[in-house]
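Trainee: Predicted structure and sequence below. I'll ask about it afterward.
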Amino acid sequence: MADSNKKVDAKKSPKAKSSSKIRNAILLIVFILINVAVIVATAVNEFGNSKSATELSEIKINWWLLLPATLCFLIAITFEIGKYVLMIRKLSKPNAFSRREAWKLARRTVLLGRYYDNITPAAVGGQPFQIYYMHKNSKLPTGLATTIPIFGMISLQISFIIIALIVFLFGGLMQDNPALVVTAWIGLLFYAFWPVMVGMATFFPKATTHIIKFVVKLFAKVKIIKNREEALEKAEKEVHEYVRSVKLILKTRGVFIKTILMSTVFNLLVASIPFFVLTAFGGDMDYWSCLTLTTAVMSAVYFIPTPGNSGAAEGTFYVVFSALSTGYVFWAMLFWRLFSYYIYIIMGPIIYFRLHLEKKHGRIKS
């Protein structure tokens with residue numbers, strides 16, 4: 001009888017379930033409203049003072065040139081998702097994921113990662129959330145659920161460094177803008193930080209362990225870490241698991257090269273969007289010059305600690321869009337920010353809404 005009462009108590013009453021659904025719905029609505037507020041606030045901050053902007057109805061736009069810009073974004077994000085699908089299927093056990101399951105997991109991981117990148121300062125939220133999401137929503141082992149998002153980021157950074165070095169050395173950076181040249185090279189050093197750290201952890205695990213021990217001991221002394229031994233054990237275990245997974249990526253035939261190539265396509269397509277937007281609004285700049293400038297600006301704003309590089313990105317990208325008349329710059333930059341920032345802020349709540357529907361009505365088709 002006592003066991004029966006425990007089972008009854010363990011089950012939620014209809015009233016409790018109803019209140020839980022209402023609470024979840026309210027939280028979802030609040031979440032969406034917060035995102036709308038973020039978009040509005042950012043847009044006002046970035047573009048609210050553009051009094052010199054020409055009325056949109058008066059602007060002559062080659063609308064068909066915005067189609068290549070849109071295609072660049074769609075193909076780029078498809079390659080990025082495909083990269084995660086490749087890692088999920090190649091690194092996990094055979095037949096652990098169907099292609100459809102892998103695409104669904106990869107799509108949500110990528111888009112939610114981009115969403116958190118764009119709402120957190122210095123884009124620090126993307127990878128931690130991707131790791132959390134993969135741990136909670138996949139059959140991947142702990143090491144792979146951690147390694148795939150991190151290597152997804154590292155491959156993007158490695159490919160960007162390759163592209164940047166080529167265009168910086170052969171594209172001819174603006175010599176009349178030394179500030180941009182200097183900040184672009186500094187930004188490239190920031191891009192190199194994580195690939196270097198990953199290389200150290202993979203090929204020099206003992207040295208990395210010593211560094212971790214030093215950092216943990218230092219944090220323990222200043223009371224940031226309470227249990228030093230526990231923290232050391234956890235850190236060493238995670239480094240070992242991480243190194244094992246990275247070596248698996250390097251050993252698995254074709255995975256490393258393919259992820260770098262797919263990341264390169266992604267970065268090139270994203271860096272091509274400003275050219276098509278600029279041309280659509282009547283700008284006169286050749287593709288190579290625009291690609292060089294865009295890459296330099298993307299590198300320069302990388303270490304700016306604002307969500308989505310807002311504020312700094314607009315000011316720096318003015319170098320690219322200044323080829324337009326003053327009245328056109330506002331609209332061109334607004335369209336560019338739609339592809340580079342706002343679209344991810346919009347996608348985040350949509351995915352969360354779909355997750356809410358799945359929990360409420362059972363799993364739905366992706």
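Mentor: Perfect, I can see it now.
Trainee: Going along the chain, name the helices of this protein.
Mentor: All helices of the chain, identified by DSSP state H, fall at 2-10, 14-47, 66-91, 99-119, 126-137, 142-170, 178-203, 205-221, 228-251, 255-280, 287-300, 312-321, 326-337, 343-361.
Trainee: What is the burial count for S272?
Mentor: By other C-beta atoms under 10 Å, the residues close to S272 number 20. The C-beta positions use only the backbone N, C-alpha and C, and glycine is treated the same way.
Trainee: Which one of the helices of the chain lies nearest to K60?
Mentor: helix 326-337 (9.1 Å; C-beta to C-beta).
Trainee: Can you list the helices and strands that the closest one packs against?
Mentor: Helix 326-337 is packed against helix 14-47, helix 255-280, helix 312-321, with contacts defined by 3 or more C-beta pairs under 8 Å, 6 or more residues apart in numbering; DSSP states H and E.
Trainee: how about that helix: buried residues?
Mentor: 328-337 (16 or more other C-beta atoms under 10 Å).
Trainee: Mind putting the residues you listed into TSV with pLDDT and distance to F281?
Mentor: Formatted as TSV, the buried residues of helix 326-337 follow (pLDDT from 0 to 100; distance: C-beta to C-beta, whole Å):
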residue	pLDDT	distance to F281
Y328	68	5
V329	70	8
F330	72	10
W331	74	7
A332	77	4
M333	76	10
L334	76	11
F335	80	8
W336	80	10
R337	78	14
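Trainee: which two from these end up farthest apart in space?
Mentor: Y328 and R337, at 14.8 Å, using C-beta to C-beta across those.
Trainee: what number of residues lie near F170?
Mentor: Neighbours of F170 (other C-beta under 10 Å): 9.
Trainee: typo on my end, Y342
Mentor: The burial count for Y342: 17, using other C-beta under 10 Å.
Trainee: A106 versus that one, what's the distance?
Mentor: Distance of Y342 to A106, computed by C-beta to C-beta, to the nearest Å: 22 Å.
Trainee: Same question for K226.
Mentor: For K226, the distance to A106 (C-beta to C-beta) stands at 37 Å.
Trainee: Could you check which of these two has the larger neighbour count?
Mentor: The neighbour comparison of K226 against A106 (other C-beta under 10 Å) goes to A106, with 25 against 9.
Trainee: got the CA coordinates for stretch 182-191 in PDB?
Mentor: Output of stretch 182-191 as PDB, limited to C-alpha atoms (Å, rounded to 0.1, in the frame of the first residue of the first chain):
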ATOM      1  CA  VAL A 182      47.300  46.800 -37.500                       C
ATOM      2  CA  THR A 183      44.000  45.700 -35.900                       C
ATOM      3  CA  ALA A 184      43.500  43.100 -38.600                       C
ATOM      4  CA  TRP A 185      46.800  41.400 -37.800                       C
ATOM      5  CA  ILE A 186      46.100  41.600 -34.100                       C
ATOM      6  CA  GLY A 187      42.700  40.000 -34.700                       C
ATOM      7  CA  LEU A 188      44.500  37.200 -36.600                       C
ATOM      8  CA  LEU A 189      46.600  36.500 -33.500                       C
ATOM      9  CA  PHE A 190      43.400  36.100 -31.500                       C
ATOM     10  CA  TYR A 191      42.000  33.800 -34.200                       C
END
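Trainee: got any ranges where the stretch 51-200 of the chain has weak pLDDT?
Mentor: 51-59, 121-125, 171-177 (pLDDT under 70).
Trainee: cool, the stretch 201-350 of the chain as well?
Mentor: 224, 238, 241-242, 303-328.
Trainee: Any chance of the buried residues of helix 326-337 in a markdown table with distance to V167 as columns?
Mentor: Listed next are the buried residues of helix 326-337 as a markdown table, based on distance: C-beta to C-beta, whole Å:
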| residue | distance to V167 |
| --- | --- |
| Y328 | 25 |
| V329 | 23 |
| F330 | 27 |
| W331 | 27 |
| A332 | 21 |
| M333 | 21 |
| L334 | 26 |
| F335 | 23 |
| W336 | 19 |
| R337 | 22 |
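Trainee: in stretch 231-238, what's buried?
Mentor: By neighbour count on 16+ other C-beta under 10 Å, the buried set for stretch 231-238 is 231-232, 235-236.
Trainee: Stretch 199-215 too?
Mentor: For stretch 199-215, by 16+ other C-beta under 10 Å, it's 201-202, 205, 208-209, 212.
Trainee: Relative to I346, which of those is nearest.
Mentor: Within those, the smallest distance to I346 is 35.7 Å, found for A201 (C-beta to C-beta).
Trainee: Wait, F256 touches K247, no?
Mentor: No - at 10.6 Å, F256 and K247 do not qualify as touching, with contact defined as C-beta atoms under 8 Å.
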